[in-house]
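Chemist: pasting the structure only:
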């Protein structure tokens, strides 16, 4: 394995795929976080979210946090477009005052961070 961006992205995809069975067995969702590395080793955080069929942990977390940023529970996974790509609002980062929103890009399957004003403008433009 090469210790570079391309090698880590491939590794992340393989790890997420391998953990799907474990996640299903335990009623959770597992997401791989950022990878930090040196020339000899690397580390990767895993985020485990409750998702047992009765409770969607991501949606529940969104519902609890959305009013802090001026959104409504109905805005969870609400779609909008920007620069020809389709995005969904999926969550918040309470530790980041500037880029506090997490958006999922339907076009490329990646999650990005952005400011709440960007989302609010995008929602308004959709009307």
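Modeler: Everything's here; your move. Model, not experiment: these values are computed from the prediction. Numbers count the residues shown, from 1 in each chain.
Chemist: what does the helix or strand hosting residue 34 rub up against?
Modeler: Using DSSP states H and E, residue 34 falls within strand 28-37. Residues from elsewhere that reach strand 28-37 (CB atoms under 8 Å, 6 or more residues apart in numbering): 3, 8, 11-12, 15-16, 19-20, 22-23, 42-52, 57-58. Where you see a C-beta, it was placed from the backbone N, CA and C, and this is true even at glycine.
Chemist: derive a ChimeraX selection command for the buried subset of the residues you listed.
Modeler: Remark: buried members of those, expressed as a ChimeraX selection using 16 or more other CB atoms under 10 Å:
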select :8,11,12,19,23,49,51,58
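Chemist: of the contacts of strand 28-37, which belong to strands?
Modeler: 42, 43, 44, 45, 46, 47, 48, 49, 50 (DSSP state E).
Chemist: which residues does residue 86 bridge with?
Modeler: Residue 86 has these beta-bridge partners by DSSP bridges: residue 81.
Chemist: which ones are touching it?
Modeler: 79, 80, 105, 106, 107.
Chemist: can you pick the most crowded of those residues?
Modeler: Using other CB atoms under 10 Å as the neighbour test, the contacts of residue 86 are led by residue 80, with 20 neighbours.
Chemist: sketch out the low-pLDDT regions of the protein for me.
Modeler: For the chain, residues meeting the criterion pLDDT under 70 lie at 52-55, 126-127.
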